[in-house]
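Novice: fold the following.
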Amino acid sequence: MRHNKKFNHLGRTASHRSAMLSNMACSLITHKRITTTVAKAKALKKFVEPLITKSKEDTTNSRRVVFSNLQDKMAVTELFKEISVKIADRPGGYTRIIKTGHRLGDNAEMCFIELVDYNENMAKEKVAKKATRTRRSKKADAVETPVVEAPAAEEAKAE
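Specialist: Numbering: from 1, shown residues only. Alright, predicted model coming up:
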């Protein structure tokens, strides 16, 4: 029985798993969106969200803690300079997992994981749509257009 076994080992040794999660977290911080399997994305979410929370407080200790997990100076710098500024008022939930289907080779469930505040398509507010047209309004437009064009045709004939 699996009582209290909540950690997904991803079929790897502890050192391999920690190195993989560290590399994936650096890629996520650098590129803002990565494509991976759903299991790895869920493990990455648990790994990277505490680091992003830690980056809100820009102290030497928090930088050292984050660097000990990421082992990449450029990713730590980007996390503290850009990402922490953008997510300063967000109380949590910094990443989003969107499923994209199954991989062709082994049918693994694929997804992409992204930083929430960096997706411009999702961030845009819905623009108020114009009043929806009905069939009647389309017919009315069709009737009106020849009437507008008719005087122009008569002027061309007159000249």
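Novice: all helices for this structure, in order.
Specialist: With DSSP state H as the definition, the chain shows helices at residue ranges 14-31, 38-55, 60-70, 73-78, 84-86, 120-123, 135-158.
Novice: packing partners of the fourth one?
Specialist: Spelled out, that is helix 73-78. helix 14-31, helix 60-70 (3 or more Cβ pairs under 8 Å, 6 or more residues apart in numbering; DSSP states H and E). (Each C-beta comes from the backbone N, C-alpha and C, glycine too.)
Novice: in that helix, what's buried?
Specialist: 75-76, 78 (16 or more other Cβ atoms under 10 Å).
Novice: got it, and the shortest one?
Specialist: Buried residues in helix 84-86, counted by 16+ other Cβ under 10 Å: residue 84.
Novice: residues in contact with it?
Specialist: Applying Cβ atoms under 8 Å, 6 or more residues apart in numbering, the contact partners of helix 84-86 are 52, 55-56, 58, 117-118.
Novice: returning to that earlier point: can I get the helices and strands packed on helix 73-78 in JSON lines with mean pLDDT and distance to residue 84?
Specialist: Below are those laid out as JSON lines (pLDDT from 0 to 100; distance: least, Cβ to Cβ, whole Å):
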{"stretch": "helix 14-31", "mean pLDDT": "97", "distance to residue 84": "11"}
{"stretch": "helix 60-70", "mean pLDDT": "97", "distance to residue 84": "10"}
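Novice: can I get these in a markdown table with mean neighbour count?
Specialist: Conversion of the helices and strands packed on helix 73-78 to a markdown table gives the following (neighbours: other Cβ atoms under 10 Å):
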| stretch | mean neighbour count |
| --- | --- |
| helix 14-31 | 16 |
| helix 60-70 | 15 |
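Novice: from one end of stretch 73-82 to the other, what's the distance?
Specialist: 14 Å (Cα to Cα, to the nearest Å).
Novice: how about residues contacting it?
Specialist: With Cβ under 8 Å, 6+ apart, stretch 73-82 has contacts from 25-26, 29-30, 51-52, 55, 58, 63, 66-67, 70.
Novice: with stretch 3-12 instead?
Specialist: Contact with stretch 3-12 is made by 17, 20, 39-40, 42-43, as judged by Cβ under 8 Å, 6+ apart.
Novice: if we can go back for a sec, for the helices and strands packed on helix 73-78, which one sits closest to residue 104?
Specialist: Among those, helix 14-31 comes nearest to residue 104, with 21.6 Å by Cβ to Cβ.
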